[in-house]
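S.K.: Can you look at this prediction? I've put the sequence above it.
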Amino acid sequence: MGSVLVTYKVFPEDIVPSFDDLKAKIKAVLPEFSAIEGYGEEPVAFGLVALLVQVRFPEDKTGIVDEFEEKLAKIQGVSQAQSFNVRRTSW
């Protein structure tokens, strides 16, 4: 069975010195059978940095990618979240 690897860009409401708190909140809303593969950071503008989150989902779970994006956007301190790279993998 394959999986889907999705990268999300999570924009904080304000400039944050550390993403540790946000990472913990993201782990708390992670769907069952999914795994965080890694994190990254991307400068946006004027000191604002977006958190990149790469998540692996099972490919047989319909709608899970969009549901997780909606949960990310509802986290306190997040202004918006969007998926920008979706690919299928064999692992």
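M.R.: Received it, and whenever you're ready, just let me know what you need.

S.K.: So, low pLDDT: which residues of the protein?
M.R.: Scanning the chain with the threshold set as pLDDT under 70 gives 91.

S.K.: now the helices for this protein?
M.R.: If you assign secondary structure with DSSP state H, the helices in the chain sit at 20-28, 64-73.

S.K.: Kindly state the beta-bridge partners for the residue nearest to residue 34 when sequence neighbours are not counted.
M.R.: Closest residue in space to residue 34, ignoring its immediate chain neighbours: residue 57 at 5.0 Å, by Cβ to Cβ, 6 or more residues apart in numbering. (Each C-beta comes from the backbone N, C-alpha and C, glycine too.) With DSSP bridges applied, residue 57 shows beta-bridge pairing to residue 4.

S.K.: who's in contact with residue 57?
M.R.: Shown here is residue 57, whose contacts under the criterion Cβ atoms under 8 Å, 6 or more residues apart in numbering are 3-6, 31, 33-34, 64-65, 68.

S.K.: Recalculate using a threshold of 10 Å.
M.R.: Contacts for residue 57 (Cβ atoms under 10 Å, 6 or more residues apart in numbering) come out as 3-6, 30-31, 33-35, 64-65, 67-68, 86.

S.K.: What separation is there between it and residue 75?
M.R.: Counting by Cβ to Cβ, to the nearest Å, the separation of residue 57 from residue 75 is 18 Å.

S.K.: next one: residue 1
M.R.: With distances taken as Cβ to Cβ, residue 1 is found 29 Å from residue 75.
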